[in-house]
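Engineer: the amino acid sequence is not available; the structure is as follows:
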């Protein structure tokens, strides 16, 4: 954790399982991290590593057959005022969801109800959080937020149905909807996966501007290393439901420690290091119904040994840099979890 | 599927039957068209899995047994019936008149019955009772299964075929061909089905009997299909009219559905790829599109088989289609309704028979839909494979 | 709303060729008839040849087929179609029977909507419960039961055994606004007539509705579950909306496919009318058609089929319009 960190969200020892017909999928096991007020915190990893599930757990959005088995999520609306989200009742939770912690969902074309206009979505959200007294009033406000989300021609677009908008415009509509409640934390789950490359850059620029303009804390979930380098202050690398490495973005890119992080960075174009050749990671992502014992990466790891059958704790190996790998046992300055 | 995975199946007797049937069938096809087995292995395995899943669905099994029983009765019913469908037992014993279920009648030695109609003297129990001519209801219901079955088979063999073909053409060709076919389909769909069927069953018999008179072999073939006596050839025209009327009514639904499915199948990458490498149209249609829409069509066919039986019973209940003395479930009710509720059995049993036969097809169709639905398919697959 | 207007215009334009096609097909019904129905109308094989000739001339049976069609069409439009059997104007005869069929189908439709939709929602909310299974069984039995059989069964219970219903007469109030007693009595707040109508019609309507209640409930259930699992619902939760708001969204989305099927259901009700009317002795259009067939009154048969098809086509037009109002996507 950085020295001057004012925590806004703390996740402690989170366990999430999905009870499917095929068996119990242990999607998240023992995930802990802290997000500091005002920073951009990134969760990275391959598809299915549990980054999306973790982000949803922040406001208990996990739906059946998923279940939060164990762990705490603490939210600090003001410094020193912790709220335990995991023990809130539905009504209080709903105020925080969307009101304090807002989401931008992966696929904007599916996030909006096709039978209602963009304006209605914004107005409805504002109305639900008591920011406007009626839908009609919300419609007028909606134009303001669409404008803020850089929606072209907002006075007209407020009356548009989702199917009348392009992917990029829909995503701007989703962003405007999420912003309309003036949230403190914005969770963006792969906000650019479903839109064109040219739009991606625009959306990311918009998020950056909004973050500084509105004083938001941004939690970004992505598998795109380029985005991580560009946007994030701190990064947590996830693999198979666990955080394997966490640290400041420069530390992660310049001196990745965990074999998985290194392999991951070798598999994509590392924006900070000159690479001659991209490599793939041998093996496949483990089956989380019967995950490997100990370190979940060990079956694919070139450095694995006997000890890897035991679960590695998080070794602190420098200012604010943690890695869950036995290789760093000796140089560790401390141990967590 | 690997051989290990197959180990975990808890094989049922029915599964083994499926294996036996399909393995021999694929083997036979492979003999005729070498290499077929290898090429279609995945498809056959998928089909087997579907059947295994059906074997584990209690409603599906109930449906399967109802339908098998119905088909069995339709095939052998006329041979095991105690009496002929038109035998007026009142001639033997006056107690046969509107006899309630369980009535025992006596055929005396040397009576008209035994001398002319060749019924062996003795006591007979009319287990389901008899109608106003003293015709044995049990026998007539057995014969009625044949009537229902033959009508349904003939309707389902032609109507959907027309519909599917037009749908394939319409969806694949597009343009003005599509527009023309769809406008015509719209016109037919603009009529509630049964109403159009009523109208055509009413006006067709004249023409049909002209045709049947012209082709005596056709008439006698139809007679034997329905297990009717030669002297009842005059009653055939109305029955055949219902079949033709149902052809007229039963295709447009398929055209619409198939067209829709073809349109969405056309968007698939594999179809585009096939077109891009120059695979001929008919080959794309029959090799790539048809097999992929076969599942849903199969569900509709199964459900509609029951539907035809129900509609045919409805038409003959309205006095259209089967005419006396043909044994037909709807017609028995129509004739028996006059004596309702006194002779309740004339309404109750034929209706119940219809209900059970139709229910059988609907149960199969419903389970088949679950099995073929991608949303529930995987859950069922896991159940079949017996994994935890 | 200009989208909507354009959609309505286009929909209206496809309506016209369909109606023309419908008249063709209805005319074709007569064209199938062998030789000449004139002989039948004149009294059968022994009919006076002069009378037969007259009838032929009157009904243009001696003219080319296209001329016959235009004659038929002209008479349909100008209400000049006269039945050779009853010697009444066909439209007027049918018009007298129409209120019965309309009351029957309307009441049936009310049953389907008011029982089927809540049952479907309940079944979706309590998925895989006993209720869900019962709805499935109801749907299966509904599409498998012969209507006439169910009707006789219920007559046996409610008429023969309990004596709760009557099977004779149809209540007609002394006044007439729309000509349909059910609607008139509601407009006039005439509770007495309303009660009479309901007493006479509830059982036949329920029988007619029965086949569709389960089907609609099942459809509502599936489409409700589909809507519930769509991504926009996740975003609704993420936006912190109340569960009441969530279900409003889900329900509205779930209704989109249901509306189309409700339109088709109306066709099923019209089609089922002949059987239900026959069993319950209701003098409606369906029953009249069957009688017309018995008396070789093919003109009335054609008129009746045309009438029912026109009602059905119009209902579907209305359904499509309401569909477009609810779902903006179909306006394109």
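Structural biologist: Yep, it's here. Treat the numbers as computed from the prediction; the structure is a model and nothing was measured. Numbering: from 1, shown residues only, chains lettered A, B, ... in the order given.
Engineer: now stretch B:87-101, how far from the centre of its chain.
Structural biologist: When C-alpha coordinates are averaged (CA atoms, centre = their mean, to the nearest Å), stretch B:87-101 and its chain have centres 32 Å apart.
Engineer: ok, it near chain C or not?
Structural biologist: No. For stretch B:87-101 and chain C, the contact criterion (CB under 8 Å from any CB of the partner chain) is not met; the two come no nearer than 15.2 Å. Placement of C-beta: from N, CA and C, glycine included.
Engineer: so where do the helices sit in the stretch 101-250 of chain C?
Structural biologist: C:117-125, C:130-144, C:147-155, C:181-187, C:191-228, C:231-238, C:243-280 (DSSP state H, counting those that start in this stretch).
Engineer: and the pLDDT for residue B:384?
Structural biologist: Here the pLDDT value assigned to residue B:384 is 68.
Engineer: count of residues packed around the nearest residue to residue C:115 once chain neighbours are set aside?
Structural biologist: In this structure, residue C:115 finds its nearest non-sequential neighbour in residue C:213, 5.2 Å apart by CB to CB, 6 or more residues apart in numbering or on different chains. Residue C:213: 25 surrounding residues under other CB atoms under 10 Å in any protein chain shown.
Engineer: give the contact list for residue C:213.
Structural biologist: Remark: with contacts taken as CB atoms under 8 Å, 6 or more residues apart in numbering or on different chains, residue C:213 is in contact with C:111, C:112, C:115, C:116, C:119, C:138, C:142.
Engineer: one step back: save the helices of the stretch 101-250 of chain C as a markdown table, and put in mean pLDDT too.
Structural biologist: A markdown table is the format used below for the helices of the stretch 101-250 of chain C (pLDDT from 0 to 100):
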| stretch | mean pLDDT |
| --- | --- |
| helix C:117-125 | 94 |
| helix C:130-144 | 93 |
| helix C:147-155 | 94 |
| helix C:181-187 | 85 |
| helix C:191-228 | 92 |
| helix C:231-238 | 90 |
| helix C:243-280 | 91 |
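Engineer: need those in TSV (columns: distance to residue C:8).
Structural biologist: What follows is these, written out as TSV (distance: least, CB to CB, whole Å):
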stretch	distance to residue C:8
helix C:117-125	26
helix C:130-144	34
helix C:147-155	36
helix C:181-187	26
helix C:191-228	25
helix C:231-238	27
helix C:243-280	16
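Engineer: can you pull the pLDDT of residue 98?
Structural biologist: No chain specified, so I'll use chain A. pLDDT, residue A:98: 89.
Engineer: I was after chain C.
Structural biologist: You'll see residue C:98 listed with a pLDDT of 93.
Engineer: can I assume it sits in a strand?
Structural biologist: No. Assigned with DSSP: H, G, I helix; E, B strand; the rest coil, residue C:98 falls outside any strand and is helix.
Engineer: so it makes contact with residue C:310?
Structural biologist: No. Taking contacts as CB atoms under 8 Å, residue C:98 lies outside contact range of residue C:310: 11.3 Å.
Engineer: number of residues surrounding the residue in the stretch 201-350 of chain B that chain A sits nearest to?
Structural biologist: Nearest residue of the stretch 201-350 of chain B to chain A (CB to the nearest CB) works out as residue B:267 at 16.9 Å. Counted by other CB under 10 Å, the residues lying close to residue B:267 total 8.
Engineer: so how far is residue A:298 from it?
Structural biologist: Distance, residue B:267 to residue A:298, by CB to CB, to the nearest Å: 44 Å.
Engineer: over to residue B:327?
Structural biologist: Taken as CB to CB, the span from residue B:327 to residue A:298 is 75 Å.
Engineer: which one of the contacts of residue C:213 is nearest to residue C:26?
Structural biologist: Among the contacts of residue C:213, residue C:112 lies closest to residue C:26 (CB to CB), at 27.8 Å.
Engineer: contacting residues around that closest one?
Structural biologist: Counting by CB under 8 Å, 6+ apart, residue C:112 has contacts C:209, C:212, C:213, C:216, C:262, C:265.
Engineer: cool, and residue A:260?
Structural biologist: Residue A:260 touches A:237, A:239, A:244, A:245, A:281, A:297, A:300, A:301, counting by CB under 8 Å, 6+ apart.
Engineer: now tabulate those residues in TSV and tack on pLDDT.
Structural biologist: Formatted as TSV, these follow (pLDDT from 0 to 100):
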residue	pLDDT
A:237	94
A:239	92
A:244	93
A:245	94
A:281	82
A:297	90
A:300	88
A:301	88
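Engineer: show me which of these are buried.
Structural biologist: Buried residues within these, counting neighbours by 16 or more other CB atoms under 10 Å in any protein chain shown: A:237, A:239, A:244, A:245, A:281, A:297, A:300, A:301.
Engineer: now, which of the residues you listed lie within strands?
Structural biologist: Cross-referencing the buried ones among the contacts of residue A:260 against strands under DSSP state E gives A:237, A:239, A:244, A:245.
Engineer: list just the nearest of the residues you listed to chain B.
Structural biologist: Using CB to the nearest CB, those come closest to chain B at residue A:239, 25.5 Å.
Engineer: which residues does that closest one bridge with?
Structural biologist: Counting by DSSP bridges, residue A:239 is bridged to residue A:242.
Engineer: how does the chain divide into domains?
Structural biologist: Let's take chain A. What automatic domain parsing lists as the domains of chain A is A:108-182, A:256-336.
Engineer: nope, chain B please
Structural biologist: According to automatic domain parsing, the domains of chain B span B:88-134, B:143-372.
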